[in-house]
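*Asks:* Sequence first, then the predicted structure, then my questions.
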Amino acid sequence: MGIKKDIRDLVDNGVINEDAAERIRRYYDSKTTANSQNRLFIIFGIFGGLLVGLGIILIIAHNWDQFSRGVKTSFAFLPLIIGQALCFYTLFKRNASVAWRETSCVVLFFAVGGSISLISQIYNIPGNLTNYLMVWMMLVLPQIYLLRSSATSLLSLIGITAFAFQSDGPGFSEKSYFYWLFLAFILPFYRSLIQRTPGSNFTHFHHWFIALSITLSLWVFESGNGGLLYMNYLLLMGLFQSFGYWLQHHKGIHEFNGMRIVGSVGTVIVLIILSFDGAWREMRFNEWNLDLFLLSPEFLVFLFIAGLFVILYVKVRKDGIPDRAAIPIWVYGASLLVFVSSFYWNYPAVLINLLVLAVGILKIREGAMRDHLVILNFGMLIIALLITCRFFDTDLSFVVRGILFVLVGAGFFAANYFTIKRRKHVGQ
């Protein structure tokens, strides 16, 4: 729609004639149609591969008990053979087709998992879900690079995140390292997507999947220092924000990309959790042991994330463009100071509440100054969440609570009303 409007402006101002404008319109229309058809072909190919694989599994499962062990073994390897055949055909005959690469890799991805499961069941091979996921991921990760499959990369991110949750339950263990090894194997492919196709849907999905996977899996480094784990999450959210800022200004990706949204929302969620006194109670009554603290997995992760955060923040600031949409860096520094003070002061939650309130007010002010409804409502939502949490956490009367909610609701309405009214006035 923007291109067509620009073409009309060029015609009205005599820059190009109507014939040239019509040729330009036809060119962009044909280009848009071709891209849409190719995208649909890829999507339908991936879902087709999923449905075919599930259909084969259901047909075999219906008659499973009637088969001999040899027949069962043959059926167990059949999906794997089909998937391998599709991938070999794609690799040597259809390597230029994204749809063929993604479809064949999705079929093989699930065929590997199904074959491992069936062989284990047929021959009563002992094991658990953790080992099953680990072997599955080890076998399918190479096809990400062999066939440049973005779908396999996304599915693998889901698989390794499930593995992180299954690695000997909550807490740090030796198997926890495998998640980070798997992730390190995927990250170069993610980097290549950013370099080659920064605006593609697969790249946008990777921003979301990687940010969420790391966020959900960071807890595997928990070994008893829960307070520092909160700080690790807070710095991780700041790292996501800085990286999202880099994507925006160096790769032309939208301001509200997956990294930035996860980073901003995650920061608020961690601060809201820390606004409860109960979140600090365990840290307050734990015995302070400096040697154990400095050698804990949480502290090592803290140093690693903090180093990356500072390096990336300095790097993205060199371009001189103000990062107005991000939560200010001083919020993270203030949170760290509050964490340190919690070992000597019994009311750190009070400071965190003030910090959350300050962030909400700053976001409202920023949204109003930029005439940006999304940022303005984000700030209002932060304050509404803070008031809601204190609604259940304090002994205020219902009248006072009701008045607070009425004020917040009125603030939502007034802020949006005057912003929209100002937009209309400027537009006139």
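*Replies:* Alright, I've got the coordinates.
*Asks:* how many other residues sit next to Ala162?
*Replies:* The number of residues packed near Ala162 is 19, by other C-beta atoms under 10 Å. C-beta: built from backbone N, CA, C; applies to glycine.
*Asks:* my bad, Glu298
*Replies:* Look at Glu298: counted by other C-beta under 10 Å, it has 21 neighbours.
*Asks:* and the gap between it and Val340?
*Replies:* Glu298 sits 15 Å away from Val340, taking C-beta to C-beta, to the nearest Å as the criterion.
*Asks:* just His204 next, same as before
*Replies:* According to C-beta to C-beta, His204 and Val340 sit 38 Å apart.
*Asks:* higher neighbour count, these two?
*Replies:* Here His204 and Val340 are compared on neighbour count by other C-beta under 10 Å; more neighbours surround His204, at 17 against 11.
*Asks:* Let me see the ranges of the helices in the stretch 201-350 of the chain.
*Replies:* Assigned by DSSP state H, counting those that start in this stretch, the helices in the stretch 201-350 of the chain fall at 201-217, 226-251, 258-274, 278-285, 290-294, 297-317, 329-341, 348-370.
*Asks:* any low-confidence regions in the stretch 201-350 of the chain?
*Replies:* Regions of the stretch 201-350 of the chain meeting the criterion pLDDT under 70 cover residues 223-226, 282-293, 319-326.
*Asks:* Low-confidence stretches in the stretch 51-200 of the chain?
*Replies:* Applying pLDDT under 70 to the predicted model, the residue ranges of the stretch 51-200 of the chain that meet it are 52-67, 167-175.
*Asks:* From Val338, how far out is the nearest residue to Ser335 once chain neighbours are set aside?
*Replies:* Once its chain neighbours are removed from consideration, Ser335 has its nearest residue in Leu234; the separation is 5.5 Å (C-beta to C-beta, 6 or more residues apart in numbering). If you measure Leu234 against Val338 using C-beta to C-beta, the figure is 10 Å.
*Asks:* between the two, who's got more neighbours?
*Replies:* Counting neighbours by other C-beta under 10 Å for Leu234 and for Val338 shows that Leu234 has the greater number, 23 against 20.
*Asks:* My guess is the more buried one contacts Val270. True?
*Replies:* Yes. A contact is recorded between Leu234 and Val270 when judged using C-beta atoms under 8 Å, the distance being 5.0 Å.
*Asks:* Now do the shared contacts for the two.
*Replies:* With C-beta atoms under 8 Å, 6 or more residues apart in numbering applied, the contact sets of Leu234 and Val270 do not overlap.
*Asks:* so Pro348 touches Ala279, yeah?
*Replies:* No. Using C-beta under 8 Å, Pro348 is not in contact with Ala279, being 9.1 Å away.
*Asks:* These two: which is more packed in?
*Replies:* Each of Pro348 and Ala279 has its neighbours counted (other C-beta under 10 Å); Pro348 has more, 25 against 19.
*Asks:* domains of the chain?
*Replies:* Domain assignment for the chain by automatic domain parsing gives 1-110, 127-221.
*Asks:* and Phe392, how far is that from Val106?
*Replies:* The span separating Phe392 from Val106 equals 45 Å under the rule C-beta to C-beta.
*Asks:* More neighbours: which of these two?
*Replies:* More neighbours surround Val106 than the other of Phe392 and Val106, with 25 against 8 (other C-beta under 10 Å).
*Asks:* and that one, helix, strand or coil?
*Replies:* Classification of Val106 into helix, strand or coil gives helix, according to DSSP: H, G, I helix; E, B strand; the rest coil.
*Asks:* any idea how far Thr90 is from it?
*Replies:* For Val106, the distance to Thr90 (C-beta to C-beta) stands at 11 Å.
*Asks:* now Trp280
*Replies:* Note on Trp280: its distance to Thr90, by C-beta to C-beta, is 55 Å.
*Asks:* Pull out the buried residues from the helix or strand hosting Pro79.
*Replies:* Secondary structure here is read from DSSP states H and E; on that basis Pro79 sits in helix 69-93. By neighbour count, with 16 or more other C-beta atoms under 10 Å as the criterion, the buried positions of helix 69-93 are 72-73, 75-76, 78-80, 82-84, 86-87, 90.
*Asks:* Can you name every helix or strand that it contacts?
*Replies:* In this structure, helix 69-93 makes packing contacts with helix 18-62, helix 98-122, helix 143-146, judged by 3 or more C-beta pairs under 8 Å, 6 or more residues apart in numbering; DSSP states H and E.
*Asks:* Output the buried residues of helix 69-93 in JSON lines, with distance to Trp246 appended to each entry.
*Replies:* Supplementary listing: the buried residues of helix 69-93 in JSON lines, determined by distance: C-beta to C-beta, whole Å:
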{"residue": "Lys72", "distance to Trp246": "52"}
{"residue": "Thr73", "distance to Trp246": "51"}
{"residue": "Phe75", "distance to Trp246": "49"}
{"residue": "Ala76", "distance to Trp246": "46"}
{"residue": "Leu78", "distance to Trp246": "46"}
{"residue": "Pro79", "distance to Trp246": "41"}
{"residue": "Leu80", "distance to Trp246": "41"}
{"residue": "Ile82", "distance to Trp246": "42"}
{"residue": "Gly83", "distance to Trp246": "37"}
{"residue": "Gln84", "distance to Trp246": "39"}
{"residue": "Leu86", "distance to Trp246": "37"}
{"residue": "Cys87", "distance to Trp246": "34"}
{"residue": "Thr90", "distance to Trp246": "34"}
